[in-house]
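Student: sharing a model that was predicted from the sequence below.
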Amino acid sequence: MKKKAFLVNGIILTLSSLAGRFLYMGFRVWLSQMIGPEGMGAYQLILSVFLPAVAISTAGVSLTVTRLVTSAMGKQQPETIPSAVARCCGFSLLMSLLACTILWCSADFLSDKFLGGNSADALRILLPGLPFMALSSCMRGYFLAVRGVLRSAASEFAEQLATISLTVFAFLTFSPKTIAHACLLSMLGATVGEAISCGCSFVLYRLHVRRFKGPKNRPCTGAGKAILHITLPSTLSHAARSVLSAAENLLIPLGLRKCGATATAALAQYGMLQGMVMPMLFFPSCFLGAFASLLIPEMSESLAAGKKRSISSGTERSLRMTLLFSIFTACFFFSFGEELGLLFYRSREAGQLLRMLSPLVPLLYLDMVTDGLLKGLDQQTHSLLYNTLDASLRVSLMAVLLPVLGLKGYFIILYSCGIINVTLSLSRLLKTARVRFRLFQWILLPFFLSVGCTVLWKLFPFLQNSTWWNMAITLTLSIGAYGGLLALFRPFLQKRKA
């Protein structure tokens, strides 16, 4: 794929992701105002219990479709593509029905033991969305392989728009009086949104796949092997990690209660962390997420063609850009965390938590890009192993530290496990791609430049008010100054020739 086409697709995905993130953040802000931190905590707990079922239904199948379609096009065998997608859809549907059955039978138990009761209906109403999510995941993998990013973006945007619109309409129509009723309406909107997204994806897929159909269509003989090699291990690993992640989320309010917080306060703190602060930390990642997903087929093609130099240069460029962006983002969150908390959530406490967690940003973003690169280089097994180890360590530490240290223990766990996970993944990537890590160019210099560009504006009192206008001016000035300094120090940031 030409660099121009890669850039165009990246821009399309970035813009669509940015629009979706704005919608999502706006929805989160609105929902937090409607149901409060305690309601956000209950909302997040239900979603955390639902995620293992999502992992069973969708994990790995998108990557399998991408790899199969990319391989078929590389081997000049496009007539096998419809068969490959159909077989992957069949497998994912089977797994989604299995997940539905398991979660339907255990909904009452999970609600009574972990969700505080009255949540079984909200959990069950999410289950019809699993088959739609499974099919959408397969078609998303197809669109990624054929570089049909606009089609994939359109279906995802339709899902977000439908979910938000239906949820807002349901709240305005039925005016929920309890947190349980509010969660039920929110989950109903999410399920209908998944159905609409799947319908859009299917129509767009059928219109595009016609070019690969003909009188000599042949079955994809490698689909079964790919499912065993890629999808099944990925599904099992993601399911295990999702179960551990769900256990982690359930342990947070439990540990906070054991540390002395009331049930209401513990759920509110959890809701503020997971439902308000963490989405804001991940919001800027939309600028990297699009390119990270496009790296999978690019690296896969380079690996198949034996282009070692292309793999090395592409990996180094991706890591450098990720750190340049994430370090600046972390410094901005640290400098203006309290102002952002007041601006979005009218909560100084949320802003303080945002500031305390801002140094996590480079770890989170680097892990996301590294994960995509490893998958493209056929190292998904190692990536899943590291992620599963990370989740296991988190759960173990949650059970030990939270009851004693409370939120301090939670912060210690986030930072320590994040560093371990990124170190393992990055070491594997650098070894596989034969790239040398550059401490000064990738971390130290961007850090000092970022600090100067963000802290500078704290010296101007007229920019300290928490208003949209002041924050827009501050962000624009910070980005402009950072971009100018990056251009000035460009010779020091780039790889030096031996």
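Tutor: That came through, no problem.
Student: drop to CA atoms for contacts and neighbour counts, all remaining ones
Tutor: Fine.
Student: what number of residues are in the vicinity of G141?
Tutor: By other C-alpha atoms under 10 Å, 26 other residues sit near G141.
Student: what about the stretch 101-250 of the chain, any weak spots by pLDDT?
Tutor: The stretch 101-250 of the chain contains residues with pLDDT under 70 at 116-117, 148-149, 212-223, 225-226, 229, 237.
Student: same thing with the stretch 251-400 of the chain?
Tutor: 289-298, 300-302, 304-305.
Student: which residues of it fall in strands?
Tutor: Assigned strands in the stretch 251-400 of the chain: none (criterion: DSSP state E, counting those that start in this stretch).
Student: which stretches in it count as helices?
Tutor: Ranges of helices within the stretch 251-400 of the chain are 263-272, 278-282, 286-305, 308-345, 348-357, 361-376, 380-405, based on DSSP state H, counting those that start in this stretch.
Student: and the shortest one, what does it pack against?
Tutor: Just to be clear, that refers to helix 278-282. For helix 278-282, there is no helix or strand it packs on, judged by 3 or more C-alpha pairs under 8 Å, 6 or more residues apart in numbering; DSSP states H and E.
Student: and that helix, which residues are buried?
Tutor: M278, M280, L281 (16 or more other C-alpha atoms under 10 Å).
Student: go on, the first one?
Tutor: Using 16+ other C-alpha under 10 Å as the test for burial, helix 263-272 gives A263, A265, A266, L267, A268, Q269, Y270, G271, M272.
Student: residues in contact with it?
Tutor: 36-44, 252-254, 256-257, 350 (C-alpha atoms under 8 Å, 6 or more residues apart in numbering).
Student: of all those residues, which two lie farthest apart?
Tutor: L254 and A350 (20.3 Å; C-alpha to C-alpha).
Student: and the helix or strand hosting L449, how far out from the chain's middle?
Tutor: Remark: L449 resides in helix 445-455, with elements defined by DSSP states H and E. Distance of helix 445-455 from its chain centroid, counting by C-alpha atoms, centre = their mean, to the nearest Å, is 26 Å.
Student: what angle separates it from helix 308-345?
Tutor: 20 degrees (axes from the mean of the first three to the mean of the last three C-alpha atoms, to 10 degrees).
Student: immediately after helix 445-455, which helix or strand?
Tutor: helix 468-488.
Student: return the set of buried residues in that following helix.
Tutor: Here helix 468-488 shows M471, T474, L475, L477, S478, I479, A481, Y482, L485, L486 as buried, counting by 16+ other C-alpha under 10 Å.
Student: please report how far the second one lies from M368.
Tutor: Distance of T474 to M368, given as C-alpha to C-alpha, to the nearest Å: 27 Å.
Student: any idea of the mean pLDDT in stretch 45-56?
Tutor: If you average the pLDDT over stretch 45-56, you get 86.
Student: what's that stretch in contact with?
Tutor: By C-alpha under 8 Å, 6+ apart, stretch 45-56 touches 95-96, 99-100, 103, 115, 119, 122-123, 126, 130, 133, 235-236, 238-243, 245-246, 249-250.
Student: can I have the buried ones of the residues you listed as a ChimeraX selection?
Tutor: To isolate the buried members of those in ChimeraX, using 16+ other C-alpha under 10 Å:
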select :95,96,99,100,103,115,119,122,123,126,130,133,235,236,238,239,240,241,242,243,245,246,249,250
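Student: the contacts of stretch 45-56 in helices, which ones?
Tutor: 95-96, 99-100, 103, 122-123, 130, 133, 235-236, 238-243, 245-246, 249-250 (DSSP state H).
Student: check contacts around R346.
Tutor: By C-alpha under 8 Å, 6+ apart, R346 lies in contact with nothing.
Student: what's the answer for the one 10 residues further on, then?
Tutor: Applying C-alpha under 8 Å, 6+ apart, we find M356 in contact with F334.
Student: any buried residues in stretch 249-263, and which?
Tutor: 249-259, 261, 263.
Student: typo on my end, it should be stretch 41-49
Tutor: G41, A42, Y43, Q44, L45, I46, L47, S48, V49.
Student: before we move on, what about stretch 423-434?
Tutor: For stretch 423-434, by 16+ other C-alpha under 10 Å, it's L424, S425, L426, R428, L429, L430, T432, A433, R434.
Student: out of the residues you listed, which are inside strands?
Tutor: Of the buried residues of stretch 423-434, none are assigned to strands by DSSP state E.
Student: could these go into a markdown table alongside distance to K177?
Tutor: Shown next, in a markdown table, are these (distance: C-alpha to C-alpha, whole Å):
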| residue | distance to K177 |
| --- | --- |
| L424 | 47 |
| S425 | 46 |
| L426 | 48 |
| R428 | 51 |
| L429 | 51 |
| L430 | 53 |
| T432 | 55 |
| A433 | 55 |
| R434 | 58 |
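Student: which of those residues lies closest to R211?
Tutor: A433 (34.9 Å).
Student: ok, and what's touching stretch 403-422?
Tutor: Applying C-alpha under 8 Å, 6+ apart, the set of residues contacting stretch 403-422 is 252, 255-259, 357, 360, 363-364, 366-367, 386-387, 390, 393-394, 397-398, 401-402.
Student: just stretch 159-167 next, same as before
Tutor: Stretch 159-167 has contacts (C-alpha under 8 Å, 6+ apart) with 20, 23-24, 27, 185-186, 188-197.
Student: likewise for stretch 227-244?
Tutor: 49, 51-53, 55-61, 63-64, 88, 380-381, 384-385, 387-388, 391-392, 395.
Student: hmm, back to that, of all the buried residues of stretch 41-49, which two lie farthest apart?
Tutor: G41 and V49 (12.5 Å).
Student: of the buried residues of helix 468-488, closest to F344?
Tutor: M471 (11.2 Å).
Student: pLDDT at the closest one, what is it?
Tutor: Reading off the model, M471 has pLDDT 83.
Student: any idea how far it is from E338?
Tutor: 12 Å.
Student: equivalent analysis for L393, please.
Tutor: Taking C-alpha to C-alpha, one finds L393 at 31 Å from E338.
Student: any chance of the buried residues of stretch 41-49 in TSV, plus secondary structure and distance to I227?
Tutor: Output for these, formatted as TSV (DSSP: H, G, I helix; E, B strand; the rest coil; distance: C-alpha to C-alpha, whole Å):
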residue	secondary structure	distance to I227
G41	helix	36
A42	helix	36
Y43	helix	34
Q44	helix	31
L45	helix	31
I46	helix	30
L47	helix	27
S48	helix	26
V49	helix	26
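Student: domain map for this structure?
Tutor: Domain assignment for the chain by automatic domain parsing gives 1-279, 306-498.
Student: picking up where we left off before, packing partners of the helix holding L449?
Tutor: helix 308-345, helix 468-488.
Student: and R436, how many neighbours does it have?
Tutor: Using other C-alpha under 10 Å, R436 has 11 neighbouring residues.
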